[in-house]
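Trainee: Please work out how this folds:
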Amino acid sequence: MFGWIALAIIILLLILIFYPGNAFRLAMRSVRRSAGLTCKRATVGRHQIVYLEGGTGPHLVLLHGFGANKDNWIRFAKHFTPSYHVIIPDLPGFGDSSYFPDEEYDVESQVERLIDFFSALKLDEFHLVGNSMGGQIAVAYTMKRPGRVLSLTLFDAAGVQEDKPGEMTQLLVEKGVNPLVVKEADDYKELLKFVFYNPPDYPSVIMKGLAADAVRHTSSNERIFQQLVGKWVPLDPLLPKIESPVLIIWGDKDRVFDVSCADRFEKGLKYSKKVVFENCGHMPMLELPDKSAEVVRDFIGSIRY
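Mentor: Predicted coordinates for the structure are as follows:
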């Protein structure tokens with residue numbers, strides 16, 4: 001027995017040393033499994049959309065932000081898989097989903113792909129959650145398919161006019177620097193510092209894997225960002241038309257979109273609740289997953305439909 005254990009340890013060490021990419025994938029697979037999620041894929045037009053799925057019950061769809069992917073939601077999602085059917089896609093152009101340089105990945109284009117994706121999965125009504133760019137896409141989707149969204153939750157969402165320019169806007173305008181695009185692996189720690197108030201202390205194998213994945217998407221992220229800006233969808237005029245109940249969650253230390261944006265969302269929406277987390281950055285569902293999940297679960301649970 002001890003011989004097998006020793007052999008397993010040796011094999012694991014060899015994987016860590018010589019195949020860090022494989023070690024990263026094994027680690028992520030284990031984390032997903034512990035959250036009750038499995039990785040699947042669906043064909044939508046030319047695209048292969050890779051997504052995580054788990055749990056049974058009312059449908060809950062989670063949309064990640066720019067430069068991110070489905071795994072941003074794992075620690076949050078584990079609180080829902082015992083009682084909800086959770087779907088977390090890599091939006092086309094991001095994560096493990098396909099990307100084509102000759103296609104557009106602006107908000108409206110992604111909404112059309114999500115319509116086909118949800119149709120392929122036979123999702124008629126569901127609770128929809130989005131972070132940053134994913135929140136902007138979630139609002140735009142709700143406008144296109146209003147009867148299907150039982151509730152809408154926005155984590156530090158993009159799309160409203162800033163009363164006070166966030167630090168990202170200042171960097172883009174004054175220096176032409178996009179802090180959300182990683183060009184070299186060593187820059188990944190700076191990205192974490194920018195989007196988190198308290199950056200996570202990932203194990204080295206995870207950090208290396210995340211950094212490598214970010215660099216792999218540098219070119220596509222740069223191009224997609226330009227498309228998002230070039231075909232920007234302003235949400236301010238759309239918000240009063242939304243009939244779904246909306247939960248607005250923001251980190252008070254968000255450097256991407258200033259916390260004052262939460263007020264803009266609240267004022268523009270008919271039926272909304274606003275929650276601001278202290279000492280939290282741009283991704284509350286990842287920085288404060290337990291607290292975020294509790295607030296969202298209570299909000300969704302209070303809805304009668």
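
Trainee: What's the local residue count around P234?
Mentor: 11 (other Cβ atoms under 10 Å). In this view, the C-beta of every residue, glycine as well, is placed from N, C-alpha and C.

Trainee: Then S260?
Mentor: 15.

Trainee: My guess is it contacts V160. True?
Mentor: No. Between S260 and V160 there is no contact under Cβ atoms under 8 Å: 9.5 Å.

Trainee: can you give me the strands in the stretch 51-200 of the chain?
Mentor: 59-63, 85-89, 126-131, 149-155 (DSSP state E, counting those that start in this stretch).

Trainee: Of those, which is nearest G209?
Mentor: strand 85-89 (18.3 Å; Cβ to Cβ).

Trainee: Report the distance from that closest one to the chain centre.
Mentor: In terms of Cα atoms, centre = their mean, to the nearest Å, the centre of strand 85-89 is found 11 Å from the chain centre.

Trainee: Now it - C-alpha only, PDB.
Mentor: Taking Å, rounded to 0.1, in the frame of the first residue of the first chain, the C-alpha atoms of strand 85-89 are listed here in PDB:
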ATOM      1  CA  HIS A  85     -29.200  24.000 -12.000                       C
ATOM      2  CA  VAL A  86     -26.100  26.100 -12.600                       C
ATOM      3  CA  ILE A  87     -24.800  27.000 -16.100                       C
ATOM      4  CA  ILE A  88     -21.500  28.900 -16.500                       C
ATOM      5  CA  PRO A  89     -20.300  29.500 -20.100                       C
END
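
Trainee: Run a quick neighbour tally on the closest residue to T218 other than its chain neighbours.
Mentor: Distances taken as Cβ to Cβ, 6 or more residues apart in numbering put K183 closest to T218, at 5.4 Å, once the chain neighbours are dropped. Neighbour count for K183, taken as other Cβ under 10 Å: 13.

Trainee: What is the end-to-end distance of stretch 101-114?
Mentor: 19 Å (Cα to Cα, to the nearest Å).

Trainee: again with stretch 196-213
Mentor: 19 Å.

Trainee: what separates that stretch from the chain centre, distance-wise?
Mentor: Centre to centre, stretch against its chain (Cα atoms, centre = their mean), the figure for stretch 196-213 is 16 Å.

Trainee: again, but for stretch 160-178
Mentor: 21 Å.

Trainee: And for that stretch, what's in contact with it?
Mentor: 179-180, 194, 222, 225, 234-236, 239, 254-258, 260-261, 263-265, 268 (Cβ atoms under 8 Å, 6 or more residues apart in numbering).

Trainee: ok, now with 6 Å
Mentor: 179, 235-236, 255-258, 260-261, 264 (Cβ atoms under 6 Å, 6 or more residues apart in numbering).

Trainee: As TSV, those with secondary structure would be great.
Mentor: Putting the contacts of stretch 160-178 into TSV (DSSP: H, G, I helix; E, B strand; the rest coil) gives the following:
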residue	secondary structure
P179	coil
L235	coil
D236	coil
R255	coil
V256	coil
F257	coil
D258	coil
S260	helix
C261	helix
R264	helix
